[in-house]
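Student: predicted model and sequence follow; I will ask about them next.
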Amino acid sequence: MNYLTFLLAVLHAHRALCQEMLWDTTVKLAENMTLECIYPSMDSLTQMEWFKINTTNKESIAIFNPVHGVVIRELYADRVSFLNSTASPNDMTLYFHNTYRADVGFYCCSLHTFPYGHWEKIIQVVSIDGFEIVESPNSHVVSAPGKNVTLSCLLPEKRPIEKVTWEKIQPHQIDLLTSCNLSQGRNYVSKYPRELWSPCSTGMQKSSIVLPHVLTSDSGLYQCEFQAFEAENATCVIRLTVISGNNDSLYILFIAGGTVILLVLIILISLVIVLSFNRRQRQKKILFEKSWETQNKATNNYRSPATPNQLLDGAKEDIYVNYPNFSRRPKTRV
(Lines give C-alpha, C1' and ligand atoms only; values in the text may rest on other atoms or scores of the structure.)
Protein backbone atom coordinates (compact mmCIF):
# COMPACT_ATOMS: atom_id res chain seq x y z
CA MET A 1 0.00 0.00 0.00
CA ASN A 2 2.84 2.33 0.83
CA TYR A 3 4.47 1.38 -2.47
CA LEU A 4 1.34 2.27 -4.43
CA THR A 5 1.07 5.58 -2.60
CA PHE A 6 4.71 6.32 -3.38
CA LEU A 7 4.23 5.40 -7.06
CA LEU A 8 1.17 7.63 -7.36
CA ALA A 9 3.08 10.47 -5.76
CA VAL A 10 5.94 10.01 -8.25
CA LEU A 11 3.54 9.98 -11.18
CA HIS A 12 1.76 13.06 -9.88
CA ALA A 13 5.07 14.89 -9.44
CA HIS A 14 6.18 13.89 -12.93
CA ARG A 15 2.87 15.02 -14.41
CA ALA A 16 3.22 18.38 -12.65
CA LEU A 17 6.79 18.65 -13.95
CA CYS A 18 5.62 18.00 -17.50
CA GLN A 19 2.97 20.68 -17.15
CA GLU A 20 5.64 23.18 -16.12
CA MET A 21 8.01 22.01 -18.86
CA LEU A 22 8.87 24.61 -21.45
CA TRP A 23 9.44 23.11 -24.87
CA ASP A 24 11.38 24.89 -27.58
CA THR A 25 9.26 23.77 -30.52
CA THR A 26 5.75 22.47 -31.14
CA VAL A 27 5.49 20.27 -34.24
CA LYS A 28 2.33 19.21 -36.02
CA LEU A 29 2.06 15.46 -36.46
CA ALA A 30 2.14 14.61 -40.16
CA GLU A 31 2.83 11.56 -42.30
CA ASN A 32 6.39 12.82 -42.89
CA MET A 33 7.60 14.76 -39.87
CA THR A 34 10.75 16.82 -39.32
CA LEU A 35 12.13 17.55 -35.84
CA GLU A 36 14.54 20.45 -36.21
CA CYS A 37 17.64 20.59 -34.03
CA ILE A 38 20.32 23.08 -35.09
CA TYR A 39 23.11 23.78 -32.61
CA PRO A 40 23.67 27.59 -32.45
CA SER A 41 27.46 27.35 -32.16
CA MET A 42 30.27 25.81 -34.17
CA ASP A 43 31.92 24.08 -31.18
CA SER A 44 33.24 20.58 -31.79
CA LEU A 45 30.44 18.03 -31.53
CA THR A 46 31.52 14.96 -29.56
CA GLN A 47 28.18 13.13 -29.56
CA MET A 48 24.43 13.72 -29.81
CA GLU A 49 21.35 11.64 -29.07
CA TRP A 50 17.62 11.91 -29.72
CA PHE A 51 15.19 10.81 -26.98
CA LYS A 52 11.45 10.50 -26.64
CA ILE A 53 10.35 11.62 -23.17
CA ASN A 54 7.79 9.14 -21.87
CA THR A 55 5.89 9.20 -18.59
CA THR A 56 8.58 7.47 -16.56
CA ASN A 57 11.74 7.44 -18.68
CA LYS A 58 13.60 8.63 -21.78
CA GLU A 59 13.45 6.34 -24.79
CA SER A 60 16.55 6.49 -27.01
CA ILE A 61 15.81 6.93 -30.72
CA ALA A 62 19.13 7.60 -32.46
CA ILE A 63 22.77 8.41 -31.69
CA PHE A 64 25.28 10.26 -33.85
CA ASN A 65 29.03 10.28 -33.29
CA PRO A 66 31.45 12.07 -35.67
CA VAL A 67 33.85 9.10 -35.49
CA HIS A 68 31.60 6.05 -35.15
CA GLY A 69 28.68 7.27 -37.26
CA VAL A 70 24.93 6.80 -36.76
CA VAL A 71 23.02 4.20 -34.74
CA ILE A 72 19.22 4.00 -35.10
CA ARG A 73 17.35 2.05 -32.44
CA GLU A 74 15.48 -1.02 -33.63
CA LEU A 75 12.02 0.38 -32.94
CA TYR A 76 12.70 3.34 -35.29
CA ALA A 77 15.14 1.72 -37.73
CA ASP A 78 12.78 1.68 -40.74
CA ARG A 79 11.36 5.18 -40.45
CA VAL A 80 13.92 7.57 -38.92
CA SER A 81 17.02 9.20 -40.39
CA PHE A 82 19.24 12.25 -40.00
CA LEU A 83 18.81 14.91 -42.65
CA ASN A 84 22.03 16.96 -42.66
CA SER A 85 24.46 15.28 -40.27
CA THR A 86 27.10 14.89 -42.99
CA ALA A 87 26.53 18.22 -44.75
CA SER A 88 26.39 20.40 -41.62
CA PRO A 89 27.99 19.18 -38.37
CA ASN A 90 25.74 21.39 -36.19
CA ASP A 91 22.45 20.29 -37.83
CA MET A 92 21.03 17.24 -36.07
CA THR A 93 17.53 17.44 -37.56
CA LEU A 94 15.63 14.16 -37.33
CA TYR A 95 13.30 13.05 -40.12
CA PHE A 96 10.38 10.62 -39.72
CA HIS A 97 9.43 8.85 -42.96
CA ASN A 98 6.03 7.95 -41.52
CA THR A 99 4.36 8.55 -38.19
CA TYR A 100 1.71 7.06 -35.94
CA ARG A 101 -0.65 8.41 -33.33
CA ALA A 102 1.72 7.09 -30.67
CA ASP A 103 4.43 9.50 -31.86
CA VAL A 104 2.62 12.40 -30.18
CA GLY A 105 4.61 13.61 -27.16
CA PHE A 106 7.88 15.24 -26.10
CA TYR A 107 11.25 14.74 -27.77
CA CYS A 108 14.70 15.83 -26.66
CA CYS A 109 17.71 16.60 -28.82
CA SER A 110 20.76 16.28 -26.54
CA LEU A 111 24.24 17.33 -27.68
CA HIS A 112 27.65 17.14 -26.05
CA THR A 113 30.22 19.58 -27.41
CA PHE A 114 33.75 20.71 -26.65
CA PRO A 115 34.50 23.06 -24.98
CA TYR A 116 30.93 24.37 -24.42
CA GLY A 117 29.52 21.21 -22.84
CA HIS A 118 25.95 19.91 -22.76
CA TRP A 119 23.13 21.47 -24.82
CA GLU A 120 19.60 20.25 -25.46
CA LYS A 121 16.36 21.21 -27.11
CA ILE A 122 12.87 19.95 -26.22
CA ILE A 123 10.23 19.51 -28.94
CA GLN A 124 6.55 18.79 -28.43
CA VAL A 125 4.71 16.87 -31.15
CA VAL A 126 0.95 17.48 -31.16
CA SER A 127 -1.89 16.13 -33.24
CA ILE A 128 -3.32 18.11 -36.12
CA ASP A 129 -6.34 19.05 -33.99
CA GLY A 130 -4.08 20.46 -31.29
CA PHE A 131 -2.09 22.67 -33.65
CA GLU A 132 -3.12 26.29 -33.19
CA ILE A 133 -4.19 28.38 -36.17
CA VAL A 134 -2.74 31.87 -36.07
CA GLU A 135 -4.91 34.85 -36.90
CA SER A 136 -3.95 37.54 -39.38
CA PRO A 137 -1.04 39.75 -38.23
CA ASN A 138 -1.64 43.04 -36.41
CA SER A 139 1.39 44.74 -37.96
CA HIS A 140 4.13 44.23 -40.54
CA VAL A 141 7.86 44.87 -40.06
CA VAL A 142 10.29 45.00 -43.01
CA SER A 143 14.06 44.88 -42.52
CA ALA A 144 17.27 44.39 -44.45
CA PRO A 145 19.48 41.39 -43.53
CA GLY A 146 22.07 41.87 -40.81
CA LYS A 147 20.03 44.37 -38.80
CA ASN A 148 18.87 44.06 -35.18
CA VAL A 149 15.07 43.91 -35.29
CA THR A 150 12.87 44.69 -32.28
CA LEU A 151 9.32 43.35 -32.20
CA SER A 152 7.05 44.91 -29.57
CA CYS A 153 3.49 44.39 -28.34
CA LEU A 154 1.58 46.45 -25.74
CA LEU A 155 0.26 44.58 -22.74
CA PRO A 156 -3.55 44.52 -22.45
CA GLU A 157 -4.87 47.12 -20.02
CA LYS A 158 -6.75 46.23 -16.83
CA ARG A 159 -5.65 42.60 -16.96
CA PRO A 160 -3.38 40.99 -14.36
CA ILE A 161 -0.81 39.33 -16.65
CA GLU A 162 0.92 36.24 -15.30
CA LYS A 163 3.09 35.11 -18.22
CA VAL A 164 4.21 36.45 -21.59
CA THR A 165 5.54 34.14 -24.32
CA TRP A 166 6.98 34.86 -27.76
CA GLU A 167 6.69 32.27 -30.52
CA LYS A 168 7.59 31.98 -34.19
CA ILE A 169 4.73 30.43 -36.17
CA GLN A 170 5.43 28.18 -39.16
CA PRO A 171 3.07 25.96 -41.18
CA HIS A 172 4.43 22.76 -39.61
CA GLN A 173 5.88 23.90 -36.28
CA ILE A 174 5.83 26.61 -33.59
CA ASP A 175 9.15 27.69 -32.06
CA LEU A 176 9.06 28.99 -28.50
CA LEU A 177 11.46 31.94 -28.31
CA THR A 178 11.06 33.36 -24.80
CA SER A 179 8.78 32.98 -21.80
CA CYS A 180 8.55 35.64 -19.09
CA ASN A 181 6.89 34.85 -15.74
CA LEU A 182 5.92 38.30 -14.47
CA SER A 183 4.78 37.10 -11.06
CA GLN A 184 8.16 35.49 -10.35
CA GLY A 185 10.36 37.69 -12.53
CA ARG A 186 11.87 34.69 -14.32
CA ASN A 187 12.74 34.72 -18.00
CA TYR A 188 13.28 31.61 -20.09
CA VAL A 189 15.06 31.83 -23.46
CA SER A 190 14.77 28.76 -25.67
CA LYS A 191 17.54 27.03 -27.59
CA TYR A 192 17.04 29.12 -30.71
CA PRO A 193 19.80 29.03 -33.37
CA ARG A 194 21.20 32.26 -31.85
CA GLU A 195 20.82 34.33 -28.71
CA LEU A 196 17.69 36.46 -28.36
CA TRP A 197 17.07 39.42 -26.07
CA SER A 198 13.79 39.91 -24.26
CA PRO A 199 13.35 42.02 -21.09
CA CYS A 200 11.28 40.56 -18.26
CA SER A 201 10.31 42.64 -15.25
CA THR A 202 7.23 43.30 -13.17
CA GLY A 203 5.25 46.39 -14.04
CA MET A 204 6.40 46.60 -17.67
CA GLN A 205 3.88 48.14 -20.09
CA LYS A 206 4.95 46.25 -23.21
CA SER A 207 6.78 43.10 -24.17
CA SER A 208 9.49 43.07 -26.80
CA ILE A 209 11.99 40.72 -28.33
CA VAL A 210 15.20 41.57 -30.19
CA LEU A 211 16.36 39.41 -33.11
CA PRO A 212 20.06 40.17 -33.69
CA HIS A 213 21.49 40.13 -37.20
CA VAL A 214 18.34 38.89 -38.91
CA LEU A 215 18.47 36.57 -41.91
CA THR A 216 15.98 35.90 -44.69
CA SER A 217 15.08 32.66 -42.88
CA ASP A 218 13.80 34.79 -39.96
CA SER A 219 10.89 36.00 -42.10
CA GLY A 220 7.54 34.81 -40.84
CA LEU A 221 4.87 35.29 -38.19
CA TYR A 222 5.77 36.09 -34.58
CA GLN A 223 3.15 35.79 -31.85
CA CYS A 224 3.18 37.33 -28.40
CA GLU A 225 0.73 35.64 -26.03
CA PHE A 226 -0.37 37.21 -22.73
CA GLN A 227 -1.62 34.73 -20.13
CA ALA A 228 -3.80 36.43 -17.52
CA PHE A 229 -5.04 35.40 -14.05
CA GLU A 230 -8.53 33.95 -14.36
CA ALA A 231 -9.12 35.85 -17.62
CA GLU A 232 -9.04 35.18 -21.32
CA ASN A 233 -5.60 35.18 -22.92
CA ALA A 234 -4.68 37.82 -25.47
CA THR A 235 -2.35 37.59 -28.47
CA CYS A 236 -0.44 39.99 -30.70
CA VAL A 237 0.84 38.79 -34.10
CA ILE A 238 3.57 40.51 -36.12
CA ARG A 239 4.76 39.58 -39.61
CA LEU A 240 8.49 40.05 -40.24
CA THR A 241 9.86 40.27 -43.79
CA VAL A 242 13.62 40.28 -44.29
CA ILE A 243 14.50 41.44 -47.81
CA SER A 244 17.73 39.90 -49.04
CA GLY A 245 20.37 41.77 -51.02
CA ASN A 246 19.65 39.53 -54.03
CA ASN A 247 16.04 40.65 -53.93
CA ASP A 248 17.20 44.27 -53.77
CA SER A 249 19.39 43.75 -56.84
CA LEU A 250 16.54 42.08 -58.67
CA TYR A 251 14.24 44.91 -57.65
CA ILE A 252 16.72 47.53 -58.93
CA LEU A 253 17.22 45.52 -62.14
CA PHE A 254 13.46 45.28 -62.56
CA ILE A 255 13.06 49.05 -62.12
CA ALA A 256 15.93 49.78 -64.53
CA GLY A 257 14.56 47.34 -67.11
CA GLY A 258 11.09 48.84 -66.78
CA THR A 259 12.52 52.33 -67.30
CA VAL A 260 14.40 51.24 -70.44
CA ILE A 261 11.29 49.55 -71.84
CA LEU A 262 9.25 52.67 -71.13
CA LEU A 263 11.80 54.88 -72.94
CA VAL A 264 11.80 52.52 -75.93
CA LEU A 265 8.00 52.63 -76.06
CA ILE A 266 8.04 56.44 -75.91
CA ILE A 267 10.57 56.59 -78.78
CA LEU A 268 8.56 54.13 -80.89
CA ILE A 269 5.33 56.04 -80.30
CA SER A 270 7.07 59.32 -81.21
CA LEU A 271 8.42 57.80 -84.43
CA VAL A 272 4.96 56.50 -85.35
CA ILE A 273 3.45 59.94 -84.74
CA VAL A 274 6.15 61.70 -86.81
CA LEU A 275 5.90 59.22 -89.69
CA SER A 276 2.12 59.48 -89.69
CA PHE A 277 2.31 63.29 -89.74
CA ASN A 278 4.82 63.27 -92.62
CA ARG A 279 2.66 60.86 -94.59
CA ARG A 280 -0.39 63.08 -94.15
CA GLN A 281 1.64 66.09 -95.27
CA ARG A 282 2.80 64.26 -98.39
CA GLN A 283 -0.77 63.23 -99.17
CA LYS A 284 -1.95 66.81 -98.82
CA LYS A 285 0.88 67.99 -101.10
CA ILE A 286 0.01 65.41 -103.74
CA LEU A 287 -3.67 66.37 -103.63
CA PHE A 288 -2.76 70.03 -103.93
CA GLU A 289 -0.49 69.40 -106.94
CA LYS A 290 -3.18 67.34 -108.68
CA SER A 291 -5.74 70.06 -108.07
CA TRP A 292 -3.37 72.74 -109.42
CA GLU A 293 -2.64 70.71 -112.55
CA THR A 294 -6.35 70.23 -113.18
CA GLN A 295 -6.95 73.95 -112.90
CA ASN A 296 -4.07 74.72 -115.31
CA LYS A 297 -5.45 72.31 -117.93
CA ALA A 298 -8.85 73.95 -117.77
CA THR A 299 -7.27 77.38 -118.23
CA ASN A 300 -5.19 76.25 -121.23
CA ASN A 301 -8.25 74.83 -123.00
CA TYR A 302 -9.92 78.26 -123.02
CA ARG A 303 -7.90 80.87 -125.00
CA SER A 304 -8.85 84.55 -125.12
CA PRO A 305 -8.59 86.49 -128.44
CA ALA A 306 -5.19 88.02 -129.18
CA THR A 307 -4.94 91.75 -128.98
CA PRO A 308 -3.24 93.82 -131.71
CA ASN A 309 -0.35 94.52 -129.43
CA GLN A 310 0.22 90.82 -128.93
CA LEU A 311 0.26 90.36 -132.74
CA LEU A 312 2.71 93.16 -133.19
CA ASP A 313 4.94 91.66 -130.52
CA GLY A 314 5.36 88.61 -132.72
CA ALA A 315 2.98 86.35 -130.95
CA LYS A 316 2.40 83.45 -133.18
CA GLU A 317 -1.30 82.98 -133.38
CA ASP A 318 -2.91 80.73 -135.95
CA ILE A 319 -5.68 82.52 -137.81
CA TYR A 320 -8.24 80.58 -139.73
CA VAL A 321 -10.38 82.44 -142.36
CA ASN A 322 -13.31 81.02 -144.22
CA TYR A 323 -13.74 82.58 -147.66
CA PRO A 324 -15.64 81.59 -150.85
CA ASN A 325 -14.03 80.57 -154.13
CA PHE A 326 -14.10 83.52 -156.64
CA SER A 327 -13.84 83.28 -160.45
CA ARG A 328 -10.69 84.77 -161.90
CA ARG A 329 -12.35 85.92 -165.06
CA PRO A 330 -11.81 89.67 -165.68
CA LYS A 331 -14.70 91.86 -165.22
CA THR A 332 -16.27 93.12 -168.54
CA ARG A 333 -16.47 96.72 -169.00
CA VAL A 334 -19.72 98.16 -170.16
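Tutor: Done, it's in. Everything quoted here is computed from the prediction, not taken from an experiment. Residues are numbered from 1 along each chain as shown.
Student: distance of residue 240 relative to residue 140?
Tutor: Counting by CB to CB, to the nearest Å, the gap from residue 240 to residue 140 is 8 Å. Just so you know, the C-beta spots here come from the backbone N, C-alpha and C atoms, and that holds for glycine as well.
Student: kindly report the same for residue 225.
Tutor: Relative to residue 140, and taking CB to CB, residue 225 is found at 19 Å.
Student: quick one: which of these two has more around it?
Tutor: Looking at residue 225 and residue 140 with other CB atoms under 10 Å, you find the greater number of neighbours at residue 225, namely 18 against 9.
Student: can you pull the contacts of that one?
Tutor: Under the criterion of CB atoms under 8 Å, 6 or more residues apart in numbering, the neighbours of residue 225 are 164, 165, 167, 233, 234, 235.
Student: quick check: next helix or strand after the strand or helix carrying it?
Tutor: Secondary-structure element containing residue 225, defined by DSSP states H and E: strand 220-228. Read in the C-terminal direction, the helix or strand following strand 220-228 is strand 234-242, with elements assigned using DSSP H and E.
Student: sketch out the low-pLDDT regions of the stretch 1-150 of the chain for me.
Tutor: In the prediction, the stretch 1-150 of the chain carries residues with pLDDT under 70 at positions 1-22, 85-89, 130, 133, 135.
Student: helices along that one, start to end?
Tutor: Counting by DSSP state H, counting those that start in this stretch, the segments of the stretch 1-150 of the chain that form helices are 2-20.
Student: which strand residues bridge the most centrally placed residue in the chain?
Tutor: Computing the C-alpha centroid of the chain and ranking residues by CA atoms, centre = their mean puts residue 241 first, at 7.3 Å. Residue 241 has the following beta-bridge partners by DSSP bridges: residue 142.
Student: can you pull the contacts of it?
Tutor: Residues touching residue 241, when contacts are defined by CB under 8 Å, 6+ apart, comprise 140, 141, 142, 143, 219.
Student: select only the buried ones of those in PyMOL?
Tutor: Entered in PyMOL, the line below selects the buried ones among the contacts of residue 241, by 16 or more other CB atoms under 10 Å:
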select buried, resi 141+143+219
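Student: pick the one among the contacts of residue 241 closest to residue 68.
Tutor: Distance to residue 68 across those (CB to CB) is lowest for residue 219, with 38.1 Å.
Student: next one, pLDDT for the residue nearest to the centre of the chain please.
Tutor: According to the model's per-residue confidence, residue 241 sits at a pLDDT of 93.
Student: assign a three-state SS to residue 204, would you?
Tutor: coil (DSSP: H, G, I helix; E, B strand; the rest coil).
Student: can you tell me the closest non-neighbouring residue to residue 181?
Tutor: residue 163 (5.4 Å; CB to CB, 6 or more residues apart in numbering).
Student: wait, I meant residue 48
Tutor: According to CB to CB, 6+ apart, the nearest residue to residue 48 is residue 111 (4.3 Å).
Student: how many other residues sit next to that neighbour?
Tutor: Taking other CB under 10 Å as the definition, residue 111 ends up with a neighbour count of 23.
Student: please apply the same query to residue 240.
Tutor: Applying other CB under 10 Å, I find that residue 240 has 20 neighbouring residues.
Student: residue 131 now?
Tutor: Other residues near residue 131 come to 16 when the count uses other CB under 10 Å.
Student: out of everything not next to it in sequence, what's closest to it?
Tutor: Residue nearest to residue 131 in three dimensions, not counting chain neighbours: residue 28, with 4.3 Å by CB to CB, 6+ apart.
Student: okay, that neighbour and residue 260: tell me how far apart.
Tutor: For residue 28 relative to residue 260 (CB to CB), the value is 47 Å.
Student: did I read that right, residue 278 in a strand?
Tutor: No: in this structure, residue 278 is helix, not part of a strand, as judged by three-state DSSP.
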